[in-house]
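>>> Need the 3D shape of this:
(one chain, ligands or ions: 2)
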Amino acid sequence: MHLLIPAAGTGRRMGSHRNKLLLALRSQPILSWTLKAAEASHHISWIGIISQPIDWEDFKEILAQVQLTKPVEFIQGGSTRQESVYNGLQALPDDATRVLIHDGARCLATADLFDRCAEVLHDCTGLIAAVPVKDTIKVVDENGIITSTPDRRQLWAAQTPQGFDVKLLKQCHQTGISQGWEVTDDAALFEKCGLSVKIVEGEETNLKVTTPQDLAIAEFILTSRLGKK
Ligand SMILES: Nc1ccn([C@@H]2O[C@H](COP(=O)(O)OP(=O)(O)OP(=O)(O)O)[C@@H](O)[C@H]2O)c(=O)n1
Ligand SMILES: C[C@](O)(CO)[C@H](O)COP(=O)(O)O
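Ligands and ions are numbered 1, 2, ... in the order given. Take a look at the predicted model:
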């Protein structure tokens, strides 16, 4: 199974002056943790890191340190996540029929989650990892007034990995470009094209490191998982 890792962001919400994936989490760059999980997955056989050339030197150092046994390629990122994934899809090897896409910033995803998604992807053309929403969610208008309270039983928080049939996802991205759609994940393109996307139970700990608070929480989760050493 081929894996694309969008890693070309800037970390604006982190307030970081560099790519946030270079920030340390338990003394190792955030991206190292994502790569270690991908390395430990039984199903992933090829990794494409979608990233900006300015980060390539640092990312190469991370690769040297993590000592991946799987083939890795750098793919130039775009100015949005959507553009970055588009570039990643064009760079996939010809034999890639299914692809998993996993944010570099979701550095706590386990190898087990990658493997469960890869297994489900044999029998469907679109899936995402997601968890049921625990909060009561309010829909609010521009005046700050609640307009509705959706039934929580139908709400799931989207995560990555997200997995797709490569040919279909390429078509959806192409349609997205021609229609001017701007989306935050690939499942949204699939949905807008009328294609079905299956939910795979994600992991509560699979947070996206977006803000300094997330980094502190990730540190806590990793320390509980690995011990204090
Ligand atoms: N042009 C972009 C923007 C984002 N990403 C990647 O998409 C994932 C999810 O994006 P996000 O957490 O929003 O990362 P940033 O764009 O770095 O953060 P921010 O939006 O706060 O600037 C990250 O792994 C990020 O590196 C990407 O590959 N290309
Ligand atoms: C793909 C994603 O991680 C799913 O939760 C997310 O949509 C990435 O974009 P965001 O704008 O940082 O939420």
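>>> What is the burial count for the residue in the chain positioned nearest to ligand 1?
Closest to ligand 1 within the chain is Gly9: 2.1 Å, counting by C-beta to the nearest ligand atom. In short, each C-beta sits where N, CA and C put it, glycine included. Residue neighbour count, defined by other C-beta atoms under 10 Å, stands at 23 for Gly9.
>>> what residues are up against the nearest residue to it once chain neighbours are set aside?
Distances taken as C-beta to C-beta, 6 or more residues apart in numbering place Asn19 nearest to Gly9, at 6.6 Å, with adjacent residues excluded. By C-beta atoms under 8 Å, 6 or more residues apart in numbering, the contact list for Asn19 reads Ala7, Ala8, Gly9, Thr10, Gly11, Ser51, Gln52, Asp55, Asp58.
>>> Kindly provide the distance from Asn19 to Leu222.
Distance, Asn19 to Leu222, by C-beta to C-beta, to the nearest Å: 20 Å.
>>> Over to Gln90?
Gln90 is 34 Å from Leu222, by C-beta to C-beta.
>>> neighbour count winner among these two?
Ranked by neighbour count (other C-beta under 10 Å), Gln90 and Leu222 place Leu222 first, with 17 against 10.
>>> Flag every buried residue along the strand or helix carrying Gln174.
Assigned by DSSP states H and E, Gln174 belongs to helix 166-179. Using 16 or more other C-beta atoms under 10 Å as the test for burial, helix 166-179 gives Val166, Leu169, Lys170, Cys172, His173, Gly176.
>>> likewise stretch 196-207?
Buried, per 16+ other C-beta under 10 Å, within stretch 196-207: Val197, Lys198, Val200, Gly202, Glu203, Thr205, Asn206, Leu207.
>>> Give me the most central residue, this protein.
The C-alpha lying nearest the average C-alpha coordinate of the chain belongs to Asp103 (C-alpha atoms, centre = their mean; 2.4 Å).
>>> and that residue, what does it touch?
Counted by C-beta under 8 Å, 6+ apart, Asp103 has contacts Ile5, Pro6, Thr34, Arg81, Thr160, Lys208.
>>> now, the most widely separated pair of these?
For the contacts of Asp103, the maximum inter-member distance is 14.9 Å, found between Thr34 and Arg81 (C-beta to C-beta).
>>> And the two? Which one has more around it.
A side-by-side neighbour count of Thr34 and Arg81, using other C-beta under 10 Å, places Thr34 first with 27 against 20.
>>> The closest residue to that one other than its chain neighbours in helix, strand or coil?
Once flanking residues are discounted, Thr34 sits nearest to Cys107: 4.5 Å by C-beta to C-beta, 6+ apart. At Cys107 the chain is in coil, as set by DSSP: H, G, I helix; E, B strand; the rest coil.
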